[in-house]
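J.: Test case, fold it:
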Amino acid sequence: MGKAISLLRPPEQPPREGASERGMMELRKRPRPRLLDPDFVSSPPPTPPRKRPRKQAAAAAAVENPAPSKRAKLCGSYYIGSPVVGLQPTRCCRLAAPVTRVSFIPRSRVPFNWYEPDMWTEVAKYLHGADLVHLAATCHWFLHLLFGDDSIWCYAFFRDLSLRTDDPRILKLLILRPFHRSWRLLYVNAFNNTHAYCFRQPKKHIEWFRIGGFLMDTSRMLLTATLALPRGMPPADENPWFSISLTGACLLTNVRPGIWIADMHMVRCPVCNFKKCKGTMQVLDARHCELYLEKKFKDGTWEYEDLGSHFSDGPLDTAGAAIFNRDHIHTPHIGNILNAKSWIRERSNLLPRARFTPIAVAMNSNLKPNHGLLSKFKAMRYSRDGEIVSVRITQQLL
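T.: Okay, here's the model as predicted:
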């Protein structure tokens, strides 16, 4: 058996020539240092690093950079180079920060509700009527909010008429109104650029501007053709023609209470019908805020009736008219109207100007050379003996 095993072994071969030389060639010698330049001794170049065998280099790299774990392989690592020389690059890893123990228990927050009625109601108070309509057209939720809640239109109505809602007298009017007379309809009829001459005599109309709103919490209204109160208060009779012709003022006792709106109009002179006539007259028109909702007013059933006329003889420098709430003529608001020098224009300026307070309105214009002024008083009633819903004072140069 031993002989058989020996036969299976290959015979030993004699060593070849050059084998020792090959083994000697595998040993690497240390490289000799470079020769220094005698002219460059102060700062010699750096010595190159010592070369290592491949196996030693791989082992050293494994020690310096260990293999990443399975969790690190799932998370990509990124290196951000530092712009400052000498700093190490920053490593950006997607691994979540370690969870630290906290002393409080986190609770789930209520998600923010973009459709909050109270928040949008407050925002809508600062929007104009046209902006409110555009906001209602965005979605059904805003349509239901703006056209279902009438308080937004109520606030906008008093705001654009420059009436303060904190006044106790106005607070009594902030009530829920029926649908056919809602605050939204009142706002639309007050600020849709319609005026009294749109329904009657539109060809005579030249221009107009809104003065403002005032409050009639009682049924007594005082009309004057000047910017001053009469010396004696006119009697409250059914026929004011005598007091108008004598004092240029009248007292109406059957006026519908509520919010009234005043406008100033410039219309063509009715004396002549020539198209080229440049004669004009100014009109102080005041109406109840619900007048344009009445069908009888729109179809022309209701007409203005003449109350009387007052003629001022001789040349005049100004033409003015005013409407007062009779029960509040002794309040400081009336003094702002009667002090005409504080708000009328200079004598050379012929443009009209108006002023209003919560309980009175007035207008004034400087006149060219003239021979007198004719003032006419008109009123419109709800029925033949019903409440007065509109008044008008026209002033014409002669």
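J.: which ones are touching Leu161?
T.: For Leu161, the contacting residues are Ala190, Gly212, Gly213, Ile259, Ile261, by CB atoms under 8 Å, 6 or more residues apart in numbering. Quick note: C-beta positions are derived from backbone N, CA and C, even for glycine.
J.: could these be laid out in TSV, adding pLDDT?
T.: TSV is the format used below for those (pLDDT from 0 to 100):
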residue	pLDDT
Ala190	92
Gly212	93
Gly213	93
Ile259	93
Ile261	96
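J.: Surely Asp285 is in contact with Val267?
T.: No - at 10.1 Å, Asp285 does not count as touching Val267 under the criterion of CB atoms under 8 Å.
J.: Compare these two (neighbour count), which wins?
T.: Neighbour tally, Asp285 and Val267, criterion other CB atoms under 10 Å: the higher count belongs to Asp285, 22 against 19.
J.: lowest-confidence helix or strand of this structure?
T.: strand 77-80 (a mean of 45; mean pLDDT, DSSP states H and E).
J.: Of the contacts of Leu161 - the most surrounded one?
T.: Ile261 (24 neighbours).
J.: in which helix or strand would I find that residue?
T.: Assigned by DSSP states H and E, Ile261 belongs to strand 258-268.
J.: Return the list of helices and strands in contact with that strand.
T.: With contacts taken as 3 or more CB pairs under 8 Å, 6 or more residues apart in numbering; DSSP states H and E, strand 258-268 sits against strand 205-216, strand 280-288, strand 353-357.
J.: could you redo the last one with a cut-off of 10 Å?
T.: helix 183-190, strand 205-216, strand 280-288, strand 318-325, strand 353-357, strand 360-366, strand 388-397 (3 or more CB pairs under 10 Å, 6 or more residues apart in numbering; DSSP states H and E).
J.: Format those as CSV; extra columns: distance to Cys250.
T.: Formatted as CSV, the helices and strands packed on strand 258-268 follow (distance: least, CB to CB, whole Å):
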stretch, distance to Cys250
helix 183-190, 26
strand 205-216, 16
strand 280-288, 14
strand 318-325, 11
strand 353-357, 20
strand 360-366, 15
strand 388-397, 10
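J.: quick one: which of these is nearest Leu374?
T.: With distances scored as CB to CB, the stretch of those nearest to Leu374 is strand 388-397 (4.8 Å).
J.: orientation of that closest one relative to strand 258-268 in degrees?
T.: For strand 388-397 against strand 258-268, the angle by axes from the mean of the first three to the mean of the last three CA atoms, to 10 degrees is 30 degrees.
J.: overlap in contacts of Asp285 and Val267?
T.: Counting by CB atoms under 10 Å, 6 or more residues apart in numbering, the shared contacts of Asp285 and Val267 are Tyr197, Trp208, Thr394.
J.: between the residues you listed, which has the most around it?
T.: Thr394 (20 neighbours).
J.: residues touching that residue, list them.
T.: Counting by CB under 10 Å, 6+ apart, Thr394 has contacts 225, 265, 267, 270, 281-285, 309, 321, 374-378.
J.: how about low-confidence regions in the chain?
T.: 1-113, 237-238, 270-279, 398 (pLDDT under 70).
J.: change it to 50
T.: 1-2, 5, 19-23, 40-42, 71-72, 74-95, 102, 274 (pLDDT under 50).
J.: Would you map the helices across it?
T.: Secondary structure of the chain (DSSP state H): helices at 2-8, 19-26, 54-64, 70-74, 117-124, 129-136, 140-148, 151-160, 168-171, 183-190, 241-247, 295-298, 332-338.
J.: re earlier: dump the contacts of Leu161 into TSV; add distance to Leu350 as well.
T.: As requested, the contacts of Leu161 are arranged in TSV below (distance: CB to CB, whole Å):
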residue	distance to Leu350
Ala190	29
Gly212	22
Gly213	27
Ile259	32
Ile261	26
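J.: looking at it, Thr121 is touching Ile152, isn't it?
T.: Yes - taking contacts as CB atoms under 10 Å, Thr121 lies within contact range of Ile152: 6.2 Å.
J.: more crowded one of these two?
T.: Per other CB under 10 Å, whichever of Thr121 and Ile152 has more neighbours is Ile152, with 23 against 15.
J.: show me the contacts for the more buried one.
T.: Ile152 touches 120-125, 127, 132, 145-146, 183-184, 187, counting by CB under 10 Å, 6+ apart.
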